[in-house]
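Trainee: Sequence first, predicted model second:
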Amino acid sequence: MQLSYVSDGPDKVVDIRGRMPAARRRQVAPNGVIGTLLFVMAEVMLFAGFISAHAVAKTTALSGWPPPNQPRLPVEETAVNTAALLLSGAALAYAYRVYLRDVRRARVPFLIALLLGCFFVAFQGVEWLSLLREGLTVTSSTHGAFFYLIVGCHALHAVAALIVLALQYRQLLLDRLSPGAFAGAQVFWFFVVGMWPVLYWKVYF
Amino acid sequence: MAHPITEQQAPHGHADAHHDDHHHEQSFWSKYVFSVDHKIIGMQYMFTGMFMAIIGGFFAYAFRMQLAFPGMSVPGWGHVSPAEYNSLVTNHGTIMIFWVAMPVLIAAFGNFLIPLMLGCDDMVFPRLNRLSYQIFLLSAIVLLASFVVENGGFGGAWTAYPPLSAKAEYSLTPLGSTLWVIAVALEFVAFLMGGINFITTMMNSRAPGMKMWDIPVVVWMIVLASILFMLSVGPLIAGAIMLLFDQTIGTGFFDPARGGDPVLWQHLFWFFGHPEVYVVLLPAIGIVCEIVPIFARKKLFAYKTVLFTAFATGVLSFFVWAHHQFIAGIDPRMANVFTVTTVMISVPLAEMMFVIVATLYGGQITLSVPMLWALSFIGEFIIGGITGIFLGASGSDIYFHDTYFVLAHFHYTFFPIAIIGVYAGLTHWYPKMFGRMLNETLGKIHFWGTIIPFNMIFIPLFLLGLAGQHRRIWSYVNFPELASPEMQNLRVFATVSLVIMLLFQLVFIFNFFWSLTRGKKAGRNPYNANTLEWVAPSPPGHGNFAEMPTVYRGPYEYSRPDRDEDFWPQNVPAESSSS
Amino acid sequence: MIEKYLVQASTYAADIDNLVSLISWLVGFWGFLVLIVFFGLIINFRRREGQRAAYITGEEKHQKRWITIPHDLVLVCDIIIIVGAINVWYNVKQNLPEADAKVRVIGQQWAWSFQHPGLDGKLDTDDDIRTVDELHVEVGKLYHYKAESRDVLHSFSVPVFRLKQDVIPGRVISGWFEPTQTGTFDIQCAEMCGIGHGLMPARIVIESAAAHKAWMEANTPTSVASAK
Amino acid sequence: MRRWLRNAALDAVRTASGLAALALGVVGAFPETVSACSVCFSAKNEENQIAYLASTGFLTFLPLLLVGALLLWVRKRTQDTEQPRSPDHS
């Protein structure tokens, strides 16, 4: 350690050499984890706004919910899809636990989580196509508008999270994935996974 | 997620890729335009904010002239048509809150002060920080563009209540309102990034030895404000997306004819809108709490009480938002609940004022320019605070809602926040930012030339409000009761005061740029202050500190009887210089 | 306070004015007290050469009293204000006394139109009198209003009544007022409603019973009048 | 500091419960139907009213819940490592 301060002007020269123990600053958690957690909190509020708007709109609808001439939402198929997403979250959690002990053994569960996540998004897309064919569009009713808005917003988050996870999977294969980065991505994926059942319950039923 | 508490060696408190380029010569572009340095980003926010303040002030001049001399061609603007008038008042409000108060108070001071006061070399996410400023700049450009598109800027008031804001056939500004919503949404995204950065930095990058209760109040306040912002902005972004869909692709979220609900927007908007007031208020109070102890040479009275009242304000701020809707559209029974909470929020805020006043007791007060600003904050904000009670109390709000009384009230809160708070911070940290002192005489001329006209603008407006004058009205000639010569004289008086106040701002601009090169050189610590930013050179270089400081005590140890000097910097060990 | 600037023309105008006065006294007292203490301290503790400031942490109990006692007193004032405010609010906005007559208030860009019950005293009959930007009411009668909007938000505001209510498209909002004084007064729109927001002044004409009857007779729609 | 935290928490709880009691009392005192209620006279008024009340409550309490959870998490992660400091600090 060098001499601490060079004086400029009236300030005292203060030598703290030798008195300062190896200075350390404490971190509550890795930066990435905290940053992601805070971001997730803001996101939760965003979805809270959507959900409460949806709940209110449901009761102001002029002709019932869903409107009589609109298709009903595919509740059963989506239940399967929901299960896939939850499994993906569980797989990632398992991958992280394994990762802390043995990096290489985390590859398989990580890949499973990634593929299940991709399956969820793809299945959503297929569902959307059939709904569009049946006449549920953004402008056909408030019901449709809310469906595409909320589910679409969630899907965007899922796609973003999957891209991050895919990049991390590459790092994992190269043995370069840091625990902080993994933990941060995991927090975000848990948010995507955990948000979905709530949306499923509020939007589809 | 069971990480052990990670510990890192002192200099460079975070492991980020950019610290390789410390102490290298940087090109102009990478140093000032695409910089990741928190100080430069803070300056960028500050200058953008000040530029927007000039525009906002000019708008105020244009519409005040129209009110004082209806129909006259305003010098520098021309005739103000009703559409222009609406657009001017709408964007004056939007600019002053979102593009002046937020960027300067939170982003500029937050970026500049947080790493310096915490004793680290930069924010934890420097590149996110740069992105935050770039998005903010983009939002400002989008907003400015919305004034010059066909049919003019958005004129549906800064609250943007649909259906007016949602349908072009009502607002008659199809492009203006869309750009306005986009600009506001982008701006929120920018501050969300900034806020995440501030909070994480405070949690993870404090100097060794700095505990929770050693953090200077202004850092606490900016972080609390960021948390409030982060938690309240989500529903409004949701609403903004819905509004944007209504405007552009023709959904009917807020259209009652198609099963939507206009009241819904008010809920989403005010859920953010009221905490937003505290988002900008808390940093301003934080700045005052930094300045008063230094120029009174006193320890801040009851540091923890200040923080506790700030926490209480933060919590309560989520319970008060619906008071904006007493008249507009909530269940009247709910109004009772929100009256209780709104009036109750006066308690922590009053307590904060008491704390600062109590700090003055027994002090050695120097009325320097920053101290004048800080003290005037207290004086003006007390008036703003007590007039708020009239509006929070549902019974009297029936009359006062949307009158000039409201307008005068919130200018008595926002002016101290966005103008006085900013000037206080700017004059106080100017030596640290630029290494030179501002001219004291010019500073005092500017101070009195701002404070006196400010009161002369808004006291008449209180009277006009009491007499029942409503807001956002282009001209009062059509309202027989409001067109009386006495009332018109009050309007002229307020307008003349405004022009005087705006002219005095030139003194500050001159002082600012003159002192950049001609001011007296400021040493490291011109005020004999305690907090860590005064340990760094003025202006601090890239990386801030020659040697990363270690913290031994709280930030306000002034005039301790057991020491010769009347200050005791946070980083000086106990034995080193005591008698 | 307000009555100095504006007449009180409804039964609850005085209640609201009294509430405002009550709040003024309470908060005015606090505001002035704090400001006097504040300026007193600034003047009294100006810097003097060779003197040092006191060292007061403010964390001891006897020091905290300087904050906790005013804190409790502010709380007491707040509760008084809350009780007063809710009392008035309940009377004006929640309570709905029996009506003598009803009127319909319709806001649109950028005019107010009013539907008066006409001679038969009932709304939505043939002899309803529709006017634009002019509301005729009879002094001493308790009116219910039904407020509607055709397009965007407006706010029905009658300053002399101390009455204000937003009107919202898709909803019908009711409330009441009882004029106590004859005369012609402003009706304003208090919610931004577009370009013409500043150009929708309406008048309320409060008439004596005889004058009101005469007005109704003169303005009954011709088709109804001729049918009689 | 621990004692101070506890006192602060107690104060907060006391204030919050007092406010809640006051608020409930105020609502409970006037249960009858109301005039001037913009959310009471729409197509399906009862449901709509409840939806507004529920969403107001939901939006109001959710952020506090989130922040409370964050604080607990931070506290859990830091409490073991807070060490006493040099004696000069009172």
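Mentor: Thanks, I have the structure now.
Trainee: any idea of the pLDDT on the residue nearest to C:Pro159 when sequence neighbours are not counted?
Mentor: In space, and not counting its chain neighbours, C:Pro159 is closest to B:Gly468: 3.3 Å by CB to CB, 6 or more residues apart in numbering or on different chains. Heads up, the C-betas are built off the backbone N, CA and C, glycines and all. pLDDT for B:Gly468: 89.
Trainee: Next, count neighbours for B:Gly468.
Mentor: 27 (other CB atoms under 10 Å in any protein chain shown).
Trainee: quick check, it in a helix?
Mentor: No - judged by DSSP: H, G, I helix; E, B strand; the rest coil, B:Gly468 forms no part of a helix; its state is coil.
Trainee: give me phi/psi at it?
Mentor: Note on B:Gly468: backbone dihedrals following degrees, to the nearest 10 are phi 90, psi 20.
Trainee: which residues does it contact?
Mentor: B:Tyr399, B:Thr403, B:Glu481, B:Leu482, C:Ile2, C:Tyr5, C:Leu6, C:Pro159, C:Val160, C:Asp186, C:Gln188 (CB atoms under 8 Å, 6 or more residues apart in numbering or on different chains).
Trainee: And the last one, how close does it get to chain D?
Mentor: Taken as CB to the nearest CB, to the nearest Å, the spacing of C:Gln188 relative to chain D amounts to 18 Å.
Trainee: quick one: pLDDT of that residue?
Mentor: Looking at C:Gln188, its pLDDT reads 90.
Trainee: wouldn't it be in contact with C:Ser157 here?
Mentor: Yes - counting by CB atoms under 8 Å, C:Gln188 touches C:Ser157, with 4.7 Å between them.
Trainee: Touching both of these two, which residues are there?
Mentor: B:His470.
Trainee: Need the phi and psi values for the residue of chain C most remote from its centre.
Mentor: In chain C, C:Gly50 marks the outermost C-alpha relative to the chain mean, sitting 57.9 Å out by CA atoms, centre = their mean. Backbone torsions of C:Gly50, given as degrees, to the nearest 10, read phi 80, psi 0.
Trainee: Which residues outside stretch B:263-273 are in contact with it?
Mentor: Stretch B:263-273 has contacts (CB under 8 Å, 6+ apart) with A:49, A:52-53, A:56-57, B:159-162, B:232-233, B:235-236, B:238-239, B:242-243, B:253-254, B:321-322, B:324-325, B:328-330, C:168, C:171, D:38-39, D:52, D:55-56, D:59-60.
Trainee: What residues sit buried inside that stretch?
Mentor: Within stretch B:263-273, the residues that qualify as buried are B:Val263, B:Leu264, B:Trp265, B:Gln266, B:His267, B:Leu268, B:Phe269, B:Trp270, B:Phe271, B:Phe272, B:Gly273, counting by 16 or more other CB atoms under 10 Å in any protein chain shown.
Trainee: Inside helices: which ones of those residues?
Mentor: B:Val263, B:Leu264, B:Trp265, B:Gln266, B:His267, B:Leu268, B:Phe269, B:Trp270, B:Phe271, B:Phe272, B:Gly273 (DSSP state H).
Trainee: from those residues, which single one is nearest B:Ala53?
Mentor: B:Gly273 (20.9 Å; CB to CB).
Trainee: all strands of chain A, in order?
Mentor: Ranges of strands within chain A are A:24-26, based on DSSP state E.
Trainee: again with chain C
Mentor: C:101-108, C:111-116, C:129-132, C:134-138, C:143-149, C:154-158, C:163-167, C:173-177, C:183-189, C:202-207.
Trainee: The fifth one: partners in the sheet, and parallel or antiparallel?
Mentor: Looking back up the chat, that one is strand C:143-149. Sheet partners assigned to strand C:143-149 using DSSP bridges are listed as strand C:101-108 (parallel), strand C:173-177 (antiparallel).
Trainee: out of those, deepest packed?
Mentor: Among these, the stretch with the highest mean neighbour count (mean count of other CB atoms under 10 Å in any protein chain shown) is strand C:173-177, at a mean of 23.
Trainee: Buried ones among the contacts of B:Gly468?
Mentor: Burial by neighbour count, 16+ other CB under 10 Å: within the contacts of B:Gly468 this picks out B:Tyr399, B:Thr403, B:Glu481, B:Leu482, C:Ile2, C:Tyr5, C:Leu6, C:Pro159, C:Val160, C:Asp186, C:Gln188.
Trainee: Can you tell me how far B:Val355 is from C:Val160?
Mentor: Per CB to CB, to the nearest Å, B:Val355 is found 43 Å from C:Val160.
Trainee: How is B:Lys298 assigned, secondary-structure-wise?
Mentor: Going by three-state DSSP: B:Lys298 is coil.
Trainee: and it, what pLDDT?
Mentor: We have a pLDDT of 92 for B:Lys298.
Trainee: ok, it - contacts?
Mentor: The neighbourhood of B:Lys298, defined by CB under 8 Å, 6+ apart, consists of B:292, B:359-364, B:556, B:558-559, C:53-56.
Trainee: let's go with 6 Å and repeat that
Mentor: B:Thr359, B:Gly363, B:Tyr558, C:Ala53 (CB atoms under 6 Å, 6 or more residues apart in numbering or on different chains).
Trainee: Find the nearest non-adjacent residue to it, please.
Mentor: B:Gly363 (4.2 Å).
Trainee: what does B:Thr339 give?
Mentor: Nearest in space to B:Thr339, with sequence neighbours left out and distances taken as CB to CB, 6+ apart, is B:Ser394 at 4.4 Å.
Trainee: and what of D:Pro63?
Mentor: Spatial nearest neighbour of D:Pro63, chain neighbours left out: B:Leu231 (3.7 Å); criterion: CB to CB, 6+ apart.
Trainee: related to what we said a few turns ago, helix/strand/coil for the residue nearest to B:Lys298?
Mentor: coil.
Trainee: Report pLDDT for it.
Mentor: With respect to pLDDT, B:Gly363 scores 92.
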